[in-house]
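J.: Attaching a predicted model along with its sequence, questions to come.
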Amino acid sequence: MPNSVLDAIKLGIWDFEPQGHEQDDYEPTASLPGSGEKLAILSERVKDGLPLWHPQDRRTYDDSAKIPE
């Protein structure tokens, strides 16, 4: 059984659905959408078999509430 969508694709499993994860299983990011930092975090999430998006991820440039102090 594959651990991530990348593993599933390599095995030719096109209808793979990752296991559900709680929000506490991984950290949200304050990185700007489209930035290299955000893309690196999304890449790591895929490799780890986690959902791409965390509900508390920063979504817009003006989403200043998500910026750490």
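T.: Alright, I've got the coordinates.
J.: Please count neighbours and contacts with C-alpha atoms only from this point.
T.: Noted.
J.: for this structure, what are the low-confidence residue spans?
T.: 64-69 (pLDDT under 70).
J.: What are the boundaries of the helices in it?
T.: Using DSSP state H, the helices of the chain run over 5-10, 36-47.
J.: Make a markdown table out of these and add mean neighbour count and distance to residue 28.
T.: Shown next, in a markdown table, are the helices of the chain (neighbours: other C-alpha atoms under 10 Å; distance: least, C-alpha to C-alpha, whole Å):
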| stretch | mean neighbour count | distance to residue 28 |
| --- | --- | --- |
| helix 5-10 | 16 | 20 |
| helix 36-47 | 15 | 10 |
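J.: Out of those, which gets nearest to residue 25?
T.: helix 36-47 (10.9 Å; C-alpha to C-alpha).
J.: would TSV of the helices of the chain with distance to residue 62 be doable?
T.: Listed next are those as TSV, based on distance: least, C-alpha to C-alpha, whole Å:
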stretch	distance to residue 62
helix 5-10	31
helix 36-47	16
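J.: any idea how far residue 55 lies from residue 22?
T.: 10 Å (C-alpha to C-alpha, to the nearest Å).
J.: Neighbours of the closest residue in space to residue 8 that isn't next to it in sequence, how many?
T.: Distances taken as C-alpha to C-alpha, 6 or more residues apart in numbering put residue 2 closest to residue 8, at 5.3 Å, once the chain neighbours are dropped. Residues near residue 2, counting by other C-alpha atoms under 10 Å, number 15.
J.: cool, residue 32 as well?
T.: Neighbours around residue 32, by other C-alpha under 10 Å: 19.
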